[in-house]
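Visitor: A predicted structure for the sequence below; I have some questions about it.
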Amino acid sequence: MATEALVQLTWGGPQVLYNGGLQQARLRYHDAEARRAGLPPEVAALVTSIDPEATTVELVNLSPEAERTVIVQAGAFAEHTITAVRYTTCEDDSWIGDMYDYGHTEPVVTEEELSCDSPFLTVRLPASTRIKLVLRLDLRANTPSYRTPFDTDAGEPAPGTEESTV
């Protein structure tokens, strides 16, 4: 099974065999509802741009009925810190239109910015939603770790992993 394309397109990193064993990536994802690593069901991610200052990713909730919650992690081992995020919003929740509509006007999409100081960012995706995130990262700001946002007994975020929410 070849995972190279998935790693490059969703995590923004090269395949592990090119770097001597440890995965390097700009992003990683956690399913907040199932409390596990990976994207939630019916959610897709595409890293569209990487540069020294920012990483751009588009998240899409393909479910026509269910809201999904994704926790975006900065780095394969939470070694980066998200310092700010610019994200798209669309107030028109009916923009898809009715099934029998001939056409619908283009939705009004705006951008907002949020400051953050964490390796984790919680993103809530309503049904049939696409969001574009431009993440400002402080690269290699944290000690690499296998910790996840779920690593406490009480279910609260682990110390030092406080999240911002989009």
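Guide: Everything's here; your move.

Visitor: and Ser82, what does it touch?
Guide: Careful, residue 82 is Ile; it's not Ser. Neighbouring residues of Ile82 by C-beta atoms under 8 Å, 6 or more residues apart in numbering: 72, 74, 116-121, 135-137, 164. Yep, even glycine has a C-beta here, placed from its N, CA and C like the rest.

Visitor: which ones among these map onto strands?
Guide: Those of these mapping onto strands are 72, 74, 116-118, 120-121, 135-137, 164, per DSSP state E.

Visitor: which residues of this protein fall in helices?
Guide: Secondary structure of the chain (DSSP state H): helices at 4-6.

Visitor: ok so, going back, PyMOL command to pick out the buried ones of the contacts of Ile82?
Guide: In PyMOL syntax, the buried subset of the contacts of Ile82 is picked out as below (16 or more other C-beta atoms under 10 Å):
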select buried, resi 72+74+116+118+119+120+121+135+136+137+164
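
Visitor: adding pLDDT and distance to Thr88, write the contacts of Ile82 out as a markdown table.
Guide: Below are the contacts of Ile82 laid out as a markdown table (pLDDT from 0 to 100; distance: C-beta to C-beta, whole Å):
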| residue | pLDDT | distance to Thr88 |
| --- | --- | --- |
| Val72 | 97 | 15 |
| Ala74 | 95 | 19 |
| Cys116 | 93 | 16 |
| Asp117 | 95 | 22 |
| Ser118 | 95 | 21 |
| Pro119 | 95 | 22 |
| Phe120 | 96 | 20 |
| Leu121 | 96 | 14 |
| Leu135 | 97 | 13 |
| Arg136 | 97 | 16 |
| Leu137 | 96 | 19 |
| Ser164 | 68 | 16 |
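
Visitor: what's the closest of the contacts of Ile82 to Asp31?
Guide: Val72 (11.6 Å; C-beta to C-beta).

Visitor: quick check: closest non-adjacent residue to that closest one.
Guide: Spatial nearest neighbour of Val72, chain neighbours left out: Leu121 (4.6 Å); criterion: C-beta to C-beta, 6 or more residues apart in numbering.

Visitor: okay then, goodbye and thanks.
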